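>>> coords below, sequence missing:
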């Protein structure tokens, strides 16, 4: 069990050494290629790379995220439902005839108008 931290340390050192050696190998390869390959071989590649770098970056606008809009709509409906439930369960609304009428309307035939009136006439 006491072996474990030492083996993790050895593994970390081995990975770091591998990354460093890989970086050195890439740098050495590029340096040797630029030094010993004829310029005619490198020039077309350099020209293509330069053309790609010179192109302007075109950002296309993303369409609205339909899932996010649906999520927001569901949240709005949940909040509205919680408000209606609170209005139904509030004892002060039992003595309010307008509130009782619209609560009954919303229960029997739910509509935007009935919900709006529940929110308007009920506490």
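Here it is on my side, so go on. Just so it is clear, the model here is predicted, and its values are computed rather than measured.
>>> next one: the lengthiest helix in the chain to chain centre, how far?
When the chain is parsed with DSSP state H, its longest helix is helix 3-36. Its chain's C-alpha centre and that of helix 3-36 lie 35 Å apart, by C-alpha atoms, centre = their mean, to the nearest Å.
>>> got the buried residues for the helix or strand that comes right after that helix?
Where DSSP states H and E defines the elements, the next helix or strand beyond helix 3-36 is helix 39-54. Judged by neighbour count (16 or more other C-beta atoms under 10 Å), helix 39-54 contains no buried residues. Placement of C-beta: from N, CA and C, glycine included.
>>> Stretch 107-116 now?
Using 16+ other C-beta under 10 Å as the burial criterion, the residues of stretch 107-116 that qualify are 114-115.
>>> Over to it now: how far is its first residue from its last?
13 Å (C-alpha to C-alpha, to the nearest Å).
>>> From the rest of the structure, what touches it?
Stretch 107-116 is contacted from outside by 80, 84, 102, 105-106, using C-beta atoms under 8 Å, 6 or more residues apart in numbering.
>>> For these, pick the one with the most neighbours.
residue 102 (23 neighbours; other C-beta atoms under 10 Å).
>>> quick one on the thing from earlier: need the max-distance pair from the contacts of stretch 107-116.
80 and 105 (15.4 Å; C-beta to C-beta).
>>> what angle do the least confident helix or strand in the chain by mean pLDDT and helix 3-36 make?
Sorted by mean pLDDT, DSSP states H and E, the helices and strands of the chain end with helix 39-54, the least confident at a mean of 77. Angle between the axes of helix 39-54 and helix 3-36 is 120 degrees (criterion: axes from the mean of the first three to the mean of the last three C-alpha atoms, to 10 degrees).
>>> could you say what helices and strands helix 39-54 packs with?
Helices and strands touching helix 39-54, by 3 or more C-beta pairs under 8 Å, 6 or more residues apart in numbering; DSSP states H and E: there are none.
>>> sorry, back to before: as a markdown table, the contacts of stretch 107-116 with secondary structure would be great.
Output for the contacts of stretch 107-116, formatted as a markdown table (DSSP: H, G, I helix; E, B strand; the rest coil):
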| residue | secondary structure |
| --- | --- |
| 80 | helix |
| 84 | helix |
| 102 | helix |
| 105 | helix |
| 106 | helix |
